[in-house]
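S.K.: the following comprises the amino acid sequence and a computationally predicted model.
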Number of protein chains: 2
Amino acid sequence: MHTTKQAHDPADNKLLASLPQEDYERILPHLSPVAFSLGEVVYESGARMEHIYFPTTAIISLLYMMENGSSAEMGIAGKEGLVGVALFMGGGTMPNRAVVQSAGGAVRMRASVLQDEFAQGGAFQRRLLRYTQALLTQMSQTAVCNRLHAIEQQLCRWLLLSHDRLDSDELVMTQELIANMLGVRREGVTAAAGRLQEQGLISYVRGRIRILDRPGLEAAVCECYGVVKDEYDRLLG
Amino acid sequence: MHTTKQAHDPADNKLLASLPQEDYERILPHLSPVAFSLGEVVYESGARMEHIYFPTTAIISLLYMMENGSSAEMGIAGKEGLVGVALFMGGGTMPNRAVVQSAGGAVRMRASVLQDEFAQGGAFQRRLLRYTQALLTQMSQTAVCNRLHAIEQQLCRWLLLSHDRLDSDELVMTQELIANMLGVRREGVTAAAGRLQEQGLISYVRGRIRILDRPGLEAAVCECYGVVKDEYDRLLG
DNA sequence: CGCCGTCCGTGCGCTACCACACATATGGTA
DNA sequence: TACCATATGTGTGGTAGCGCACGGACGGCG
């Protein structure tokens, strides 16, 4: 991880950008840019965090790692939100790992500064809590989706959630990694992705997936995507 | 739902009981007792809530209802916590339904009073936020468990989570209802419960399940139960 | 006592997904 | 250009859970 000058404007993070001018300007001096590369671990399960991260162009996955080595994604955060809710919720740690799913930038704030700001109880606190509620919905809907829906629908959900957090139509992501996120076999992803490609919804070669027909994907996805999207829009929009 | 005098002491709710004397006494006059019967809906998906509920002996399930009528549980709350995080998290509503899974009592507080108390930022606020983080872990672990574990293990998890929230070894619950909670077929529950009964871990007849060998259940459950339990103990203990 | 609604057990065929094995294709690098 | 690591495609066989159908058993109630 590098702290670099050429990283992005904090206002590229929508949660920060939605703050009233006064709050934004007070917080700004406490934000420092960070560049994340693909696969980097932002925080480890159970580890105390020094910073809260507000992605600008990066996408971060929240993964649970099973004792036997398999894994599953429980949530995803990008420019709409933040990584590190445990810092203001009071627990300090979470029993999962945060991994960079799409390389890019973020800005970060020291834990102690965050906690002081949170304790002020103003607009910033309200944004952080509303975001956490949105995350709660995302995680619970992931639970439902894992129980009731087929891999192909879940892949659509995952592609759309990622696409929402990118400015590009191209995702740099192998089927192997997607399988780890979805908690399924790589072959299962191959099969589902093949069907989506046949239908002309996506195309892919060697770790580069292109979204060709977003409305088509939205027609193929299960209701879970809409529930989560609507709740994010309602709470943060 | 009845508001009744013979319901339980607010201190039977462990979250309230853990408050400093001063806070507890300030809050006490704003709590009124409520009795819940099995199957009662505490709040409906998307509905604005008037009260936050602190169960004393009741157990409440948080369920997502699919468009096609099937359902799955995303979380469970009992005397260790509360129902209605959306009231202080800022969203006001949640896209799920809260249903009484085990009849019993609770105390409730008006939303406006709760919000005033929360804004004070003291011990009560800290307890509410830490509980919400614990709920976050429960929901995310449910997502993982739904993806990766067999019905039998999930049934063990569900039985243990319920048992933790009861003072009795007997659960009043049909296999049909458990199937709705776990998001599986009733026959699947019959098969799994039959195996647990053969092993002498539980016994059941017509909607009454008795926990016979709790250590045995703990040996049969997946790691998800332990992760959630430990996190509740850490955050609320 | 006899009836009936509720709850639980079981069988059958089916599908989705798994585990493992291996073939093929691609793109970077020597 | 040849090579090689990585990414994707495919086949075989096994299993968990599904949908459906029906049988049996318990227990409350007239």
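M.R.: Nice, I can see it.
S.K.: what's the spatially most central residue of chain A in contact with, if anything?
M.R.: Relative to the mean C-alpha position of chain A, the nearest C-alpha, by Cα atoms, centre = their mean, is the one of residue A:77, at 1.9 Å. The neighbourhood of residue A:77, defined by Cβ atoms under 8 Å, 6 or more residues apart in numbering or on different chains, consists of A:55, A:59, A:60, A:62, A:83, A:98, A:135. Quick note: C-beta positions are derived from backbone N, CA and C, even for glycine.
S.K.: and if you look at residue A:199?
M.R.: A:216, A:220.
S.K.: phi and psi next, for it.
M.R.: When read as degrees, to the nearest 10, the backbone of residue A:199 gives phi -80, psi 0.
S.K.: find the nearest non-adjacent residue to residue A:121, please.
M.R.: residue B:121 (5.7 Å; Cβ to Cβ, 6 or more residues apart in numbering or on different chains).
S.K.: so that neighbour makes contact with residue A:120?
M.R.: No. Using Cβ atoms under 8 Å, residue B:121 makes no contact with residue A:120, being 9.1 Å away.
S.K.: report pLDDT for residue A:237.
M.R.: According to the prediction, residue A:237 has pLDDT 89.
S.K.: gap between the residue of chain A most remote from its centre and residue A:207?
M.R.: The C-alpha centroid of chain A is most remote from residue A:198, which lies 27.8 Å away (Cα atoms, centre = their mean). From residue A:198 across to residue A:207, the span is 20 Å (Cβ to Cβ, to the nearest Å).
S.K.: what count of nearby residues applies to residue A:75?
M.R.: Applying other Cβ atoms under 10 Å in any protein chain shown, we find 28 other residues in the vicinity of residue A:75.
S.K.: and it, what does it touch?
M.R.: By Cβ under 8 Å, 6+ apart, the neighbours of residue A:75 are A:61, A:62, A:135, A:138, A:139, A:142, B:140.
S.K.: then residue A:54?
M.R.: Per Cβ under 8 Å, 6+ apart, neighbours of residue A:54: A:10, A:13, A:15, A:16, A:31, A:81, A:82, A:106, A:107, A:108, A:109.
S.K.: for residue A:55, same thing?
M.R.: A:13, A:77, A:78, A:79, A:81, A:82, A:83, A:104, A:105, A:106, A:165.
S.K.: buried ones in stretch A:199-210?
M.R.: A:201, A:202, A:204, A:209 (16 or more other Cβ atoms under 10 Å in any protein chain shown).
S.K.: of those residues, just say which sits nearest to residue A:183.
M.R.: residue A:209 (18.7 Å; Cβ to Cβ).
S.K.: ok, back up a step: closest to DNA strand C among the buried residues of stretch A:199-210?
M.R.: residue A:204 (10.4 Å; Cβ to the nearest atom of the strand).
S.K.: widest-spaced pair of the contacts of residue A:77?
M.R.: Most distant of those, by Cβ to Cβ, are A:59 and A:135, 14.2 Å apart.
S.K.: for the longest helix along chain A, buried residues please.
M.R.: Longest helix in chain A by number of residues (criterion: DSSP state H): helix A:123-148. Neighbour counts using 16+ other Cβ under 10 Å place A:124-125, A:127-148 of helix A:123-148 among the buried residues.
S.K.: how far does the helix or strand just after that helix sit from the chain's center?
M.R.: Scanning forward in sequence from helix A:123-148 by DSSP states H and E, the next helix or strand is helix A:151-164. Put simply, helix A:151-164 sits 12 Å off its chain's centre (Cα atoms, centre = their mean, to the nearest Å).
S.K.: check stretch A:76-92 too.
M.R.: That offset, for stretch A:76-92, works out to 10 Å (Cα atoms, centre = their mean).
S.K.: then stretch A:61-69?
M.R.: On Cα atoms, centre = their mean, the centre of stretch A:61-69 falls 16 Å from the chain's centre.
S.K.: hmm, it in reach of DNA strand C?
M.R.: No. Using Cβ under 7 Å from any atom of the strand, no contact is recorded between stretch A:61-69 and DNA strand C, whose separation bottoms out at 8.9 Å.
S.K.: state the mean pLDDT of that stretch.
M.R.: 94.
S.K.: ok, and for it, which residues are buried?
M.R.: A:61, A:62, A:63, A:64, A:65, A:66.
S.K.: among the residues you listed, which one sits closest to residue B:155?
M.R.: residue A:66 (18.9 Å).
S.K.: mind listing the strands for chain A?
M.R.: Taking DSSP state E to define them, one finds strands in chain A at A:32-36, A:41-43, A:51-55, A:59-65, A:71-77, A:97-102, A:104-110, A:170-172, A:202-205, A:208-211.
S.K.: any chance of those strands in CSV, with distance to residue A:217 too?
M.R.: Converted to CSV, the strands of chain A look like this (distance: least, Cβ to Cβ, whole Å):
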stretch, distance to residue A:217
strand A:32-36, 26
strand A:41-43, 27
strand A:51-55, 22
strand A:59-65, 17
strand A:71-77, 16
strand A:97-102, 17
strand A:104-110, 22
strand A:170-172, 12
strand A:202-205, 7
strand A:208-211, 7
